[in-house]
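Trainee: Got a sequence here, can you build the structure:
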Amino acid sequence: MTPEPDRADGPHVDDLAAAAALASLPGVGPRQLRTWLDGAPPTAVWARLRGGELGRRWATAARPVDPHAVWSAHRRAGISVLLRGRAPYPAALAGDAEAPAVLFALGDPGRVDHGPRVAVVGTRTPTRYGLGVAAQLGGDLAAAGIGVVSGLALGIDGAAHEGALAAGATLATASDRPAGPPVAGVAGGLDHPYPRRHALLWRRVAETGTVLSEAPVGTADLGWRFPQRNRLLAALADVVVVVECHATGGSLHTVRAATRRGIAVGAVPGSVRSPASAGTNDLLADGCFVVRDVADALVAVGLARGA
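Mentor: As a prediction, the model looks like this:
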């Protein structure tokens, strides 16, 4: 997707520039942005902030910032700025109680809404079994027209998207039927892929789907941003599937976010002797549905969508 037009196109771009500038201020998180932008255009919020109406701290932080310079930095990186309530902000997120007021995107954010979506998540330190299951599940879901959502992390997340992309490439050459587009949610700025070894994977996902973040360019992957990212993954999904997860793994943040939203959570059973399956086996013992193959996930998607 081509980023939005430049400053000459008027108030719409002014709002996008102000939104990017607000998100770039030190110490501003998703909750603060939602509070500021609830019912107010970004340009008005920026003016109030620069004028000191929102507190001296924020006025001081905003004083050296040029919103259109921030906007231009995103354009140069090929990153789109999305505002809740304005296309092409994903409809799948718009109704969420914690929907980001501002999102940044690589690729085409419109692809998020092309069909059902399943988040496939898990540990960064999987077994060979877990990697194989994640790749096969990602591929089978994509081949069935399901968008695979994940966090582009090492391990299970990356394997699921590798499988989805492979299935998409196969369908592109052998069938007129499109694969489900990959969708990713990441914690830091879209100009610095993390982990670095997944930089090519980021680009491949953006080429056929989209990579989303709440963080502007130049933002490091700070620890507090990962639980925020995990709630974004849950909000994007119709169903969440955990392939492998340790007993206290980070994927449980995604599970809790999904549970708060009433989103079905499934888990892949694993060996009771494998620490990498301790969390998923616990989820199954707690009542999550069993995912043995893509058919189990597709049944859950059908139930979630009332099919």
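Trainee: where in the stretch 201-307 of the chain is pLDDT low?
Mentor: Along the stretch 201-307 of the chain, segments meeting pLDDT under 70 span 221-224, 307.
Trainee: what about the strands in it?
Mentor: Taking DSSP state E, counting those that start in this stretch, the strands of the stretch 201-307 of the chain run over residues 210-213, 239-242, 264-267, 289-290.
Trainee: Summarise which helices and strands the second one is packed against.
Mentor: This points to strand 239-242. Counting contacts by 3 or more Cβ pairs under 8 Å, 6 or more residues apart in numbering; DSSP states H and E, strand 239-242 is packed against strand 117-121, helix 251-260, strand 264-267, helix 278-285, helix 294-304. (Each C-beta comes from the backbone N, C-alpha and C, glycine too.)
Trainee: so which of these comes closest to residue 171?
Mentor: Proximity to residue 171 (Cβ to Cβ) singles out helix 294-304 among these, at 14.7 Å.
Trainee: Quick check: buried residues in the closest one?
Mentor: 294, 296-301, 304 (16 or more other Cβ atoms under 10 Å).
Trainee: Take these and lay them out in JSON lines including distance to residue 36.
Mentor: Listed next are the buried residues of helix 294-304 as JSON lines, based on distance: Cβ to Cβ, whole Å:
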{"residue": "294", "distance to residue 36": "42"}
{"residue": "296", "distance to residue 36": "42"}
{"residue": "297", "distance to residue 36": "38"}
{"residue": "298", "distance to residue 36": "41"}
{"residue": "299", "distance to residue 36": "42"}
{"residue": "300", "distance to residue 36": "37"}
{"residue": "301", "distance to residue 36": "36"}
{"residue": "304", "distance to residue 36": "33"}
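Trainee: one step back: can you lay out the helices and strands packed on strand 239-242 as a markdown table showing distance to residue 60?
Mentor: As requested, those are exported to a markdown table (distance: least, Cβ to Cβ, whole Å):
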| stretch | distance to residue 60 |
| --- | --- |
| strand 117-121 | 39 |
| helix 251-260 | 33 |
| strand 264-267 | 44 |
| helix 278-285 | 44 |
| helix 294-304 | 47 |
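Trainee: closest to residue 219 out of those?
Mentor: Between the helices and strands packed on strand 239-242, helix 251-260 lies closest to residue 219; by Cβ to Cβ that is 19.1 Å.
Trainee: For the closest one, list every residue counted as buried.
Mentor: Within helix 251-260, judged by 16+ other Cβ under 10 Å, the buried ones are 251-255, 257-258.
Trainee: what's near enough to touch the residue most central in space within the chain?
Mentor: Centroid-nearest residue in the chain, with Cα atoms, centre = their mean: residue 185, separated by 2.0 Å. Contacts of residue 185 were listed using Cβ atoms under 8 Å, 6 or more residues apart in numbering, and they are 149-151, 211-213, 229, 232-233, 236.
Trainee: and it, what are its phi and psi?
Mentor: phi -120, psi 130 (degrees, to the nearest 10).
Trainee: burial count for the nearest residue in space to residue 77 that is not next to it in sequence?
Mentor: Leaving aside its chain neighbours, residue 77 sits nearest to residue 191 (4.6 Å; criterion: Cβ to Cβ, 6 or more residues apart in numbering). Residues lying near residue 191 (other Cβ atoms under 10 Å) number 19.
Trainee: Then residue 191 would be within a strand, right?
Mentor: No - counting by DSSP: H, G, I helix; E, B strand; the rest coil, residue 191 is not part of a strand but coil.
Trainee: can I assume it is in contact with residue 76?
Mentor: No - under the contact definition of Cβ atoms under 8 Å, residue 191 does not touch residue 76, with a separation of 9.0 Å.
Trainee: Residue 200 and residue 162, how far apart?
Mentor: 10 Å (Cβ to Cβ, to the nearest Å).
Trainee: quick one: which of those two has more around it?
Mentor: Legend: neighbour count by other Cβ under 10 Å for residue 200 and residue 162, higher for residue 162 (20 against 9).
Trainee: per-residue pLDDT, that one?
Mentor: Confidence at residue 162, expressed as pLDDT, is 98.
Trainee: Now do it against residue 233, distance only.
Mentor: Here residue 162 is placed at a distance of 17 Å from residue 233 (Cβ to Cβ).
Trainee: Residue 39 falls within a strand, correct?
Mentor: No - under the criterion used here (three-state DSSP), residue 39 is coil, not part of a strand.
Trainee: what are the phi and psi angles of it?
Mentor: phi 80, psi 0.
Trainee: re the thing from before, need the winner for burial among the strands of the stretch 201-307 of the chain.
Mentor: Among those, strand 239-242 has the highest mean neighbour count (mean count of other Cβ atoms under 10 Å), at a mean of 30.
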